[in-house]
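S.K.: Predicted structure and sequence below. I'll ask about it afterward.
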Amino acid sequence: MRTILITGSGGSGRTTIAAATALAAAGNGIRTVVLSADRTDTLGTALGAATGPTPATVAENLTAWRPDAVAGFRDDLGAFQERAAHVLDLLGAARLDGEEVTPLPGAEELTLLRALRDAALAEAHDLLVVDLPATPQALALLTLPEELRRYLRRLLPPERQAARALRPVLGRLAGVPMPSEWLYETAARWDTELAAVEAVLTDRNTVVRLVADPGPAGAEAVRAAALGLALRGLRPDVLVANRVLPERAAEGWLAGPAAQQRKALAEWQESYDVRVVAHLGHDPRGTDDLAALALPGALAVNDTASTVEWPVVDRLADDGVLVWQVPLPGAIREDLDLIRRGDELVIAAGQFRRIVPLPSVLRRCTVDGAALRGGVLSIRFAPDPDLWPERP
């Protein structure tokens, strides 16, 4: 299955573009499902048909789905209470009834990720279009599986589970209780689920598509989004320039906004595959308006991969170092920060931050400096004499 993840700044029209993309695909005979994370039914408003927690057919070859975070969180909490019943009884804890459960922060994101995984793995459709939240929240969402798996590995290392037969003895020797078997089983199940989501997000058939209004605010939003995606090793396959004014708007009171749009479009076209969507003069509502948007190339597969490689360049012979090249378009030198922590590197770029494991060859090196040139962060690593084998 092919997956299109659509995001953009708040108010850029990303839900409309997601609905129009899905409708255009369905109209071409492609079995399509469109998934939304909005609490309110903005997707249904765009499609002209209500959507909800149960996948529903809204047009020929088109299914819409807006999963319910409350129900998902309630089911997860109920399952946890059943599994941890013995511990809760020992503590004298009162059980929570389903009627009093409200989702905690992050529940909606986890619900969307699970729905994304389920929809991507289903064989009933050929295309999955995901209406992600606004870009900052979308980037946090894309980060979540990797970060949660990292937390699980740190809190409950799999190698400790291998010694489960020794845990009662170790518990008596250490004088502290050891984690129960069900805790490791739960962690393993979560890790498997998160790995499945991560596999969908990093699949070669998954692309990220940005939506933006051309103009000063839109240009800054695109720069920030591209930087955040680059730190995840991703780049947009297409940049949809939404609500572009017609040529006749070059005169009169719209002349200023039209000139700003043309300037932004010219700059974007130097770096992105830009698809222009005309302004209808009103907010699109229903399938007729969505079809009128006439998304150019909405279904075309861009040959440029969404994933970006971070190569390690061998300069040992010339400079005595290895260079890890991290593409960070739009990054500003003053906003960059690097911290080495064991076998991991913490990279901060503006408001974005990521902890990445070092490639194995770099774990035997020390950081020897870094430089940002042409949108590429080059991190120099010098071999550690105590860990690096001597060359004959």
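M.R.: Noted; the coordinates are in hand.
S.K.: What about Arg189, how many residues nearby?
M.R.: 10 (other CB atoms under 10 Å). Using the backbone N, CA and C atoms, a C-beta is placed for each residue, glycine as well.
S.K.: correction: Arg39
M.R.: 11.
S.K.: ok, it - contacts?
M.R.: Counting by CB atoms under 8 Å, 6 or more residues apart in numbering, Arg39 makes contact with Glu108.
S.K.: So it: helix, strand or coil?
M.R.: Reduced to three states with DSSP: H, G, I helix; E, B strand; the rest coil, the structure at Arg39 is coil.
S.K.: Distance check, it against Leu116.
M.R.: Counting by CB to CB, to the nearest Å, the gap between Arg39 and Leu116 amounts to 17 Å.
S.K.: Next, the contact list for the closest residue to Gly350 other than its chain neighbours, please.
M.R.: The spatial neighbour of Gly350 that comes closest, neighbours along the chain excluded (CB to CB, 6 or more residues apart in numbering), is Asp335 at 4.4 Å. Contact analysis of Asp335 by CB under 8 Å, 6+ apart lists 348-350.
S.K.: And for Glu344?
M.R.: 355-358.
S.K.: what are the bridge partners for the residue nearest to Ala331 when sequence neighbours are not counted, then?
M.R.: Nearest non-adjacent residue to Ala331, counting by CB to CB, 6+ apart: Ala349, 5.1 Å away. Here Ala349 sits in beta bridges with Leu336, Phe352, as judged by DSSP bridges.
S.K.: Kindly give the local confidence score, pLDDT, for the residue lying closest to Ala50 once chain neighbours are set aside.
M.R.: Leaving aside its sequence neighbours, Ala50 sits nearest to Gly44 (CB to CB, 6+ apart; 4.6 Å). Listed pLDDT for Gly44 reads 93.
S.K.: do Glu147 as well
M.R.: For Glu147, the model assigns a pLDDT of 88.
S.K.: Also Pro385?
M.R.: Pro385 carries a pLDDT score of 88 in this model.
S.K.: Helix or strand: which one has it?
M.R.: Following DSSP states H and E, one finds Pro385 outside all helices and strands.
S.K.: do Arg117 as well
M.R.: Element membership of Arg117, judged by DSSP H and E, is helix 107-121.
S.K.: neighbours around Leu156, how many?
M.R.: Residue neighbour count, defined by other CB under 10 Å, stands at 17 for Leu156.
S.K.: same question but for Asn242, I mixed them up
M.R.: Asn242 sits with 24 neighbouring residues when counted by other CB under 10 Å.
S.K.: Please apply the same query to the one 4 residues further on.
M.R.: Using other CB under 10 Å, Pro246 has 11 other residues around it.
S.K.: check contacts around it.
M.R.: Taking CB under 8 Å, 6+ apart as the test, what Pro246 contacts is 278-279.
S.K.: Quick check: the gap between it and Thr186.
M.R.: For Pro246 relative to Thr186 (CB to CB), the value is 57 Å.
S.K.: just checking, next helix/strand downstream of the helix or strand hosting the residue nearest to Ala50?
M.R.: Element membership of Gly44 [criterion: DSSP H and E] is helix 42-47. For helix 42-47, the succeeding helix or strand toward the C-terminus, using DSSP H and E, is strand 56-59.
S.K.: Report the contact partners of the residue lying closest to Gly286 once chain neighbours are set aside.
M.R.: The shortest distance from Gly286 to any non-neighbouring residue, by CB to CB, 6+ apart, is to Gly48 (3.5 Å). Gly48 makes contact with 285-287, according to CB under 8 Å, 6+ apart.
S.K.: circling back: enumerate every residue touching the residue nearest to Ala331.
M.R.: Going by CB under 8 Å, 6+ apart, the list of residues near Ala349 reads 227, 231, 328, 331, 335-336.
S.K.: Take those and write them to JSON lines, including pLDDT and distance to Glu60.
M.R.: As requested, those are arranged in JSON lines below (pLDDT from 0 to 100; distance: CB to CB, whole Å):
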{"residue": "Leu227", "pLDDT": "95", "distance to Glu60": "40"}
{"residue": "Leu231", "pLDDT": "94", "distance to Glu60": "40"}
{"residue": "Leu328", "pLDDT": "95", "distance to Glu60": "43"}
{"residue": "Ala331", "pLDDT": "93", "distance to Glu60": "45"}
{"residue": "Asp335", "pLDDT": "93", "distance to Glu60": "48"}
{"residue": "Leu336", "pLDDT": "95", "distance to Glu60": "50"}
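S.K.: and the two most separated of these?
M.R.: Using CB to CB, the contacts of Ala349 span at most 11.7 Å, a distance reached by Leu231 and Asp335.
S.K.: Ala371: how many residues sit nearby?
M.R.: Neighbour number of Ala371 under other CB under 10 Å is 11.
S.K.: three-state assignment of it?
M.R.: Under three-state DSSP, Ala371 falls in the strand class.
S.K.: Name the nearest residue to it, sequence neighbours excluded.
M.R.: Ser378 (5.3 Å).
S.K.: Please name the residues that touch that neighbour.
M.R.: Contacts of Ser378 by CB under 8 Å, 6+ apart are 323-326, 370-372.
S.K.: Report the beta-bridge partner residues of it.
M.R.: Beta-bridge pairing of Ser378 under DSSP bridges involves Gln325, Ala371.
S.K.: what about it, distance to Asp41?
M.R.: In terms of CB to CB, Ser378 sits 47 Å off from Asp41.
S.K.: And Val367, by the same measure?
M.R.: Distance from Val367 to Asp41, by CB to CB: 50 Å.
S.K.: what's the answer for Gln261, then?
M.R.: For Gln261, the distance to Asp41 - CB to CB - is 30 Å.
S.K.: Also Thr111?
M.R.: According to CB to CB, Thr111 and Asp41 sit 16 Å apart.
S.K.: Comparing these two, which residue is more hemmed in?
M.R.: It is Thr111, of Thr111 and Asp41, that has more neighbours when counted by other CB under 10 Å, with 21 against 16.
S.K.: tell me which residues of stretch 203-212 are tucked away?
M.R.: Buried residues in stretch 203-212, defined by neighbour count with 16 or more other CB atoms under 10 Å: 206-212.
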